[in-house]
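1. Got a predicted model here, sequence first, then my questions.
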Amino acid sequence: MINVSHLTKQYGPRSAIQDLSFEIHPGEIVGFLGPNGAGKSTTMKILTGFMPATSGSATVAGYEVFKNPIELKRNIGYLPETPPVYLDMVVRDYVEFAAKLHDVPKSKLKTAVDLALEKTSLTDVGKRIIGNLSKGYRQRVGLAQALVHNPKVLILDEPTVGLDPKQIIEIRELIKSLAGDHTVILSSHILPEVTATCQRIIVISKGKIVAQDTLDQISARLRKGLIYNMTIKNPSSDAAQSIQSISGVKSASLAGNKLIIELTQSGMDSRDQIVAAAVGKGLGVLEFSSEKVNLEDIFLQLTTEEKIS
Ligand SMILES: Nc1ncnc2c1ncn2[C@@H]1O[C@H](COP(=O)(O)OP(=O)(O)OP(=O)(O)O)[C@@H](O)[C@H]1O
Ligand SMILES: [Mg+2]
């Protein structure tokens, strides 16, 4: 549904994105994650035909973005970083205007506008002037105009910026409900945002892709081994040693009443023996669990390291 090949954008001597290639399949929700200035908005502007690339190519919903910009725009919904809302227009009129721009047939106009307003919880403010709305409500208007023509592909640049927590949850649910029928790419510099909504993430840093995979796979790849914590009642001096000798255990160390056990990639099968050995040694097992991966750490690691091993 979205095919990007060797996309590069130079702003004068500075490159905003360098040699980006990725693919997004129909019905997927993919998160474009990266710190400020990574090149997320630049990529989205190119994919929506708002700006040409310096080199490379991209196809969205079957259209070459540089060759068929008009057809392309009919088939995609775009929420830019700064929503293009006309401040002196009434909400409903503006969403209707957006629907007309996208060639929604006259007979379906009312239903389409009603539905877009309902999906973005704007029905009650339909008659208000956009300029008088709060920031979060304007963001919703931006979302409504992106959705109103029921596009195959939605490109959303930081869709939940400025929304209150309740609305963030609602918009996330809305985006998730679009999966399957629509293909969605959304950007964020906030990790929990993409993990809450996306099936797959593309991590971009300094204009380059540093990882693209499901979150589970990215975290597994980043972990040097698999870490388990065992809380014990009787931390004896040889507790770590008795676990260390089990095959599949890379290392075991004792910190207070907690045994930190690192397994090799194939050591997952050894968990039974580890617990049995601990019980046999009378360590008094209170808890045995895998260490929760700190997502923020992963993000920082991905965007500050040159390469992931
Ligand atoms: N019109 C422009 N002229 C010159 N440089 C630009 C222009 N627009 C963006 N850039 C530069 O390109 C790089 C990528 O910017 P971009 O807006 O794509 O980042 P972003 O990932 O969307 O960041 P943010 O999270 O802050 O929105 C930045 O270094 C930025 O300074
Ligand atoms: Mg941006």
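-> In hand now; what should we look at? Ligands and ions are numbered 1, 2, ... in the order given.

2. For the nearest residue to A61 once chain neighbours are set aside, give me its contacts.
-> With sequence-adjacent residues excluded and distances taken as Cβ to Cβ, 6 or more residues apart in numbering, A61 is closest to N75, at 4.3 Å. No exception for glycine: its C-beta is placed from N, CA and C like everyone else's. Under the criterion of Cβ atoms under 8 Å, 6 or more residues apart in numbering, the contact partners of N75 comprise 60-63, 151-153.

3. Filter those residues down to just the ones in strands.
-> Among the contacts of N75, the subset assigned to strands under DSSP state E consists of 60, 63, 153.

4. Just the buried ones from the residues you listed, in PyMOL syntax?
-> In PyMOL, selecting the buried portion of those, with burial taken from 16 or more other Cβ atoms under 10 Å, looks like this:
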select buried, resi 60+63+153
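
5. Straight-line length of stretch 66-81, end to end?
-> Terminal residues of stretch 66-81 lie 21 Å apart, using Cα to Cα, to the nearest Å.

6. Show me how far that stretch is from its chain's centre.
-> Averaging C-alpha positions (Cα atoms, centre = their mean, to the nearest Å) puts stretch 66-81 21 Å from its chain's average.

7. What mean pLDDT does it get?
-> Here stretch 66-81 scores 89 as its mean pLDDT.

8. Would you mind listing the buried residues in it?
-> Counting neighbours by 16+ other Cβ under 10 Å, stretch 66-81 gives 68, 72-80 as buried.

9. ok, back up a step: next, format the contacts of N75 as JSON lines and append pLDDT.
-> Listed next are the contacts of N75 as JSON lines, based on pLDDT from 0 to 100:
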{"residue": "V60", "pLDDT": "94"}
{"residue": "A61", "pLDDT": "90"}
{"residue": "G62", "pLDDT": "89"}
{"residue": "Y63", "pLDDT": "91"}
{"residue": "P151", "pLDDT": "94"}
{"residue": "K152", "pLDDT": "92"}
{"residue": "V153", "pLDDT": "95"}
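
10. I'd like those residues as CSV, with distance to ligand 1 appended.
-> Formatted as CSV, the entries for those read as follows, by distance: Cβ to the nearest ligand atom, whole Å:
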residue, distance to ligand 1
V60, 17
A61, 22
G62, 25
Y63, 22
P151, 21
K152, 23
V153, 19
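
11. Now that we have the residues you listed, can you turn them into TSV and tack on distance to D181?
-> Formatted as TSV, the contacts of N75 follow (distance: Cβ to Cβ, whole Å):
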residue	distance to D181
V60	16
A61	13
G62	16
Y63	19
P151	10
K152	8
V153	11
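
12. Turn those residues into a markdown table, including distance to ligand 2.
-> Supplementary listing: the contacts of N75 in a markdown table, determined by distance: Cβ to the ion, whole Å:
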| residue | distance to ligand 2 |
| --- | --- |
| V60 | 18 |
| A61 | 22 |
| G62 | 26 |
| Y63 | 23 |
| P151 | 21 |
| K152 | 23 |
| V153 | 19 |
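
13. Return the nearest residue of the stretch 51-200 of the chain with respect to ligand 2.
-> Shortest the stretch 51-200 of the chain-to-ligand 2 distance, computed as Cβ to the ion: residue-wise this is E81, at 4.8 Å.

14. who does the nearest residue to that residue once chain neighbours are set aside bridge with?
-> Sequence neighbours aside, D157 is the residue nearest to E81 in space, at 4.5 Å (criterion: Cβ to Cβ, 6+ apart). Applying DSSP bridges to D157 yields these beta-bridge partners: S187.
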